[in-house]
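Visitor: sequence? don't have it. structure:
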């Protein structure tokens, strides 16, 4: 079965190491400041010539409340008036970017992330979506994947009705944990009833898909308490579910310094939470897509994995990896052809750039031939758990074993340990290796070293 997982504690302990999540290859750690807005404009021109479809990501950084675990780029404020100056500059960015694209390039995918996108008022959301429709070719027949992240504490039935009216057909809800003690420890008080009300609204209003995010490894969590949360979430029947490992990095993310380290669960308890959660989700019919993601068998991600079309980008697993991804807003990342580029992460500097009608691109990279080859290998393994050497050899004119001779002994060791099957034809990730596929992908990452590993979370 595609979603089969074999739990092996010894292998997990041996291969559980810090490493990238591979929403891109090369990863954002490799971005440098020799990429500017001029590189972005050239890439947009190439996209226009090729008439490639588009995926838009819009970053709304504002939150009314701080969640101590959060590692996102965000601005905590109760002042709703702070959104308006930002939206004015965001709309200017939309105008500049769209000017370099063809009006007929279809936007197949749209995602509002944050922060908390529903921090914006109804009028602000309506105006922003109107501006996007004015400057981009958004689909009107509900066939696109148009999603938005929802904080159930910042939304109600009228909000959901507005979002559906504006064209959104997928929602992703942050929940993390339903236990009140855990919620207090991370400063995110959110009742099951609040979450259920938003899901009921989404179902009634015929949103196509509901995703729920959970995190294991938060302070005061225990295997028994977290199992109750998972049971409650399963009862809500989300189409997709993400189960993230909390990475405690207080030296990098200041809000995490408010978490009492002594309240964090032990490594053994974290493993137990993950193990039990996988058993609960599997028993409920969810398929393991990979990299912390689960979906019901009739979900588009599961179907795409079956037919070989599943891909991965900065929005996670996607069925729209063939699109050029354009990031709009502070800190957002674009992937256009072989160019990665990122906007500045400082809100004031972002707004200052757009004030002068200059794009806020500050770093990125151009992929070379080796990057493209390794990206293809990592994509295939992380999305489909298998790789045919001949596909890579024909596409990139290499002999696979010779090209990757330096890591062949490590691949053989993984095969000996039962994580993969390795033969002359290719690699298959076995059930015991699927939770550890990041460790396999890391072998093909030529940039990874001990120093860069410190910037990433652990595999499990």
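Guide: Looks like it arrived, so ask away. Keep in mind it's a predicted model, so treat the numbers as computed, not measured. Numbering: from 1, shown residues only.
Visitor: Let's verify residue 218: helix, strand, or coil?
Guide: The three-state assignment at residue 218 reads coil, by DSSP: H, G, I helix; E, B strand; the rest coil.
Visitor: residues in contact with stretch 212-230?
Guide: Residues from elsewhere that reach stretch 212-230 (C-beta atoms under 8 Å, 6 or more residues apart in numbering): 69, 172-179, 181-182, 185-186, 195, 233, 236, 238, 240-248, 259-260, 263-265, 269-270, 272-274, 276-277, 280-281. The way it works is simple: take the backbone N, C-alpha and C, and place the C-beta from them, glycine included.
Visitor: Ok, stretch 117-137 next?
Guide: Outside of stretch 117-137, the residues within contact range by C-beta under 8 Å, 6+ apart are 54, 56, 58, 60, 62-64, 80, 83-84, 87, 90-91, 94-95, 98, 101, 103-107, 110, 138, 148-151, 154-155, 158-159, 162-163, 166-167.
Visitor: now stretch 180-200
Guide: Under the contact criterion C-beta under 8 Å, 6+ apart, stretch 180-200 has outside partners 65-69, 150-153, 155-157, 160, 171, 173, 175-178, 210, 212, 218-221, 225, 232, 236, 238, 258-260, 263.
Visitor: tell me the domain boundaries of this structure?
Guide: With domains defined by automatic domain parsing, the chain comprises 1-22+369-460, 27-328.
Visitor: Now do the helices in the stretch 1-150 of the chain.
Guide: 9-15, 37-50, 83-99, 122-135 (DSSP state H, counting those that start in this stretch).
Visitor: Report the distance from the longest one to the chain centre.
Guide: This means helix 83-99. What separates the centre of helix 83-99 from the centre of its chain is 24 Å, taken as C-alpha atoms, centre = their mean, to the nearest Å.
Visitor: Over to the shortest one?
Guide: Mean-position distance between helix 9-15 and its chain equals 25 Å (C-alpha atoms, centre = their mean).
Visitor: what's the burial count for residue 141?
Guide: The tally of other residues near residue 141 (other C-beta atoms under 10 Å) stands at 6.
Visitor: State the distance from it to residue 117.
Guide: Here residue 141 is placed at a distance of 23 Å from residue 117 (C-beta to C-beta, to the nearest Å).
Visitor: for residue 145, same thing?
Guide: From residue 145 across to residue 117, the span is 16 Å (C-beta to C-beta).
Visitor: what pairs with residue 18 across the strands?
Guide: residue 458 (DSSP bridges).
Visitor: end to end, how far does stretch 96-114 reach?
Guide: End-to-end distance for stretch 96-114, by C-alpha to C-alpha, to the nearest Å: 22 Å.
Visitor: again but with stretch 263-270, I slipped
Guide: With C-alpha to C-alpha as the measure, the ends of stretch 263-270 fall 13 Å from one another.
Visitor: Can you redo the helices of the stretch 1-150 of the chain as CSV, where the extra columns are distance to residue 331, mean pLDDT and mean neighbour count?
Guide: Output for those, formatted as CSV (distance: least, C-beta to C-beta, whole Å; pLDDT from 0 to 100; neighbours: other C-beta atoms under 10 Å):
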stretch, distance to residue 331, mean pLDDT, mean neighbour count
helix 9-15, 31, 90, 15
helix 37-50, 15, 98, 16
helix 83-99, 12, 98, 18
helix 122-135, 17, 98, 16
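Visitor: Out of the ones you listed, which is closest to residue 384?
Guide: Counting by C-beta to C-beta, residue 384 lies closest to helix 9-15 out of these; the figure is 19.7 Å.
Visitor: I'd assumed residue 56 was in contact with residue 112.
Guide: No - counting by C-beta atoms under 8 Å, residue 112 stays clear of residue 56, with 9.2 Å between them.
Visitor: between the two, who's got more neighbours?
Guide: For residue 112 and residue 56, the more surrounded residue by other C-beta under 10 Å is residue 112, and the numbers stand at 28 against 24.
Visitor: Let me see the contact set for the more buried one.
Guide: For residue 112, the contact set (C-beta under 8 Å, 6+ apart) comprises 58, 60, 147, 148, 149, 168.
Visitor: any idea how far residue 240 is from it?
Guide: Residue 112 is 17 Å from residue 240, by C-beta to C-beta.
Visitor: Tell me the helices and strands packed up against the helix or strand hosting residue 354.
Guide: Element membership for residue 354, per DSSP states H and E: helix 347-355. Applying 3 or more C-beta pairs under 8 Å, 6 or more residues apart in numbering; DSSP states H and E, one finds that helix 347-355 makes contact with helix 83-99.
Visitor: that older thread, next, the angle from the helix holding residue 354 to helix 83-99.
Guide: Interaxial angle of helix 347-355 relative to helix 83-99 (axes from the mean of the first three to the mean of the last three C-alpha atoms, to 10 degrees): 50 degrees.
Visitor: Sketch out the low-pLDDT regions of the protein for me.
Guide: Scanning the chain for pLDDT under 70 picks out the ranges 1-3, 450-455, 457, 459.
Visitor: Closest to the centroid, which residue in it?
Guide: For the chain, residue 316 is the residue whose C-alpha lies nearest the centre (C-alpha atoms, centre = their mean; 3.5 Å).
Visitor: how about the strands in the stretch 251-400 of the chain?
Guide: Ranges of strands in the stretch 251-400 of the chain, per DSSP state E, counting those that start in this stretch, are 287-290, 293-295, 311-313, 316-318, 324-328, 333-336, 339-343, 361-366, 386-388.
Visitor: what's the offset of the last one from the middle of its chain?
Guide: This points to strand 386-388. On the basis of C-alpha atoms, centre = their mean, strand 386-388 sits 23 Å off its chain's mean C-alpha point.
Visitor: Can you name every helix or strand that that strand contacts?
Guide: Applying 3+ C-beta pairs under 8 Å, 6+ apart, one finds that strand 386-388 makes contact with helix 369-384, strand 426-429.
Visitor: mind putting those in TSV, distance to residue 7 and mean neighbour count included?
Guide: As requested, these are exported to TSV (distance: least, C-beta to C-beta, whole Å; neighbours: other C-beta atoms under 10 Å):
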stretch	distance to residue 7	mean neighbour count
helix 369-384	20	20
strand 426-429	15	20
